[in-house]
Structures are given as structure tokens and as C-alpha cells.
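# no sequence on hand, only this structure:
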């Protein structure tokens, strides 16, 4: 079981380029993004022709605006309006930057 867990962890971080060190900040943002990726898919690809929107490639300002709308209740959703309230502005900005860089 330990070997399996280690293998899964290695696969999880493998896409990082060798030129980019695994910093504490990068791992923190990656863990935040993983909460979104549970629903929106790996790297936020969404579900084509489905009701799960794509996050990857979104402009940072748009992402931040939508999260603010969910957080304030201006944009309704089944669960996003509740989830958005759990993120700080700094976390939302970090996620916006992360997803904007995803292909």
C-alpha cells in the first residue's frame, strides 16, 4: 500500500518541469487547485458539452470576478456559492493565476 501511495504522489507531481523547483508556495496552490479539480477535472478542463465549466485558460480577472459573484450570492449555483465563501481573496487570486496558465 505504501508503494502505491508513493506512486500516486509521484504521478501527481510529475507534470512539473525539472526547471521549476517544488516550492512550498507551489505545493500550496496545487493543493488549492486540487479542490477545484475534483469537480472541474484535472487542470480544470471541465466537461465538454456538459454543465461543468472549464477553468483552464480563463483570464485571471474573469475568474476573480466570477468567484466574487459566487461569494456574494450575485451568481447562483448548486454549490459554488457556498464553496467560494471558504476561499480568501489571496487564495482566489492564486487560483486565478494557476488556472490561467493551464492549457
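Alright, I've got the coordinates. Computed from a prediction, not measured in an experiment: that's the story for all the values here.

# who touches the residue most central in space within the chain in this structure?
Residue closest to the mean C-alpha point of the chain, counted by C-alpha atoms, centre = their mean, is residue 33 at 2.7 Å. Contact analysis of residue 33 by C-beta atoms under 8 Å, 6 or more residues apart in numbering lists 44, 95, 98, 99. C-beta: built from backbone N, CA, C; applies to glycine.

# if we use 10 Å, what do you get?
40, 42, 43, 44, 55, 94, 95, 98, 99, 102 (C-beta atoms under 10 Å, 6 or more residues apart in numbering).

# same check, this time on residue 59
Counting by C-beta under 10 Å, 6+ apart, residue 59 touches 65, 96, 99, 100.

# any idea how far it is from residue 24?
Per C-beta to C-beta, to the nearest Å, residue 59 is found 27 Å from residue 24.

# quick one on the thing from earlier: so which of the contacts of residue 59 sits lowest on pLDDT?
Note: of the contacts of residue 59, the lowest pLDDT belongs to residue 99, at 91.

# gap between that one and residue 49?
For residue 99 relative to residue 49 (C-beta to C-beta), the value is 20 Å.

# same deal with residue 101?
Relative to residue 49, and taking C-beta to C-beta, residue 101 is found at 25 Å.

# ok, now residue 38?
Distance from residue 38 to residue 49, by C-beta to C-beta: 20 Å.

# which one's more surrounded, these two?
residue 38 (9 against 5; other C-beta atoms under 10 Å).

# where does this protein dip in pLDDT?
1-21 (pLDDT under 70).

# contacting residues around residue 70?
Residue 70 makes contact with 76, 77, 79, 80, 81, 82, 83, 84, 85, 87, 92 under the criterion C-beta under 10 Å, 6+ apart.

# isn't the second one right up against residue 83?
Which is residue 77. Yes. Here residue 77 reaches residue 83: they are 8.7 Å apart, a contact under C-beta atoms under 10 Å.

# so which of those two has more stuff around it?
residue 83 (15 against 12).
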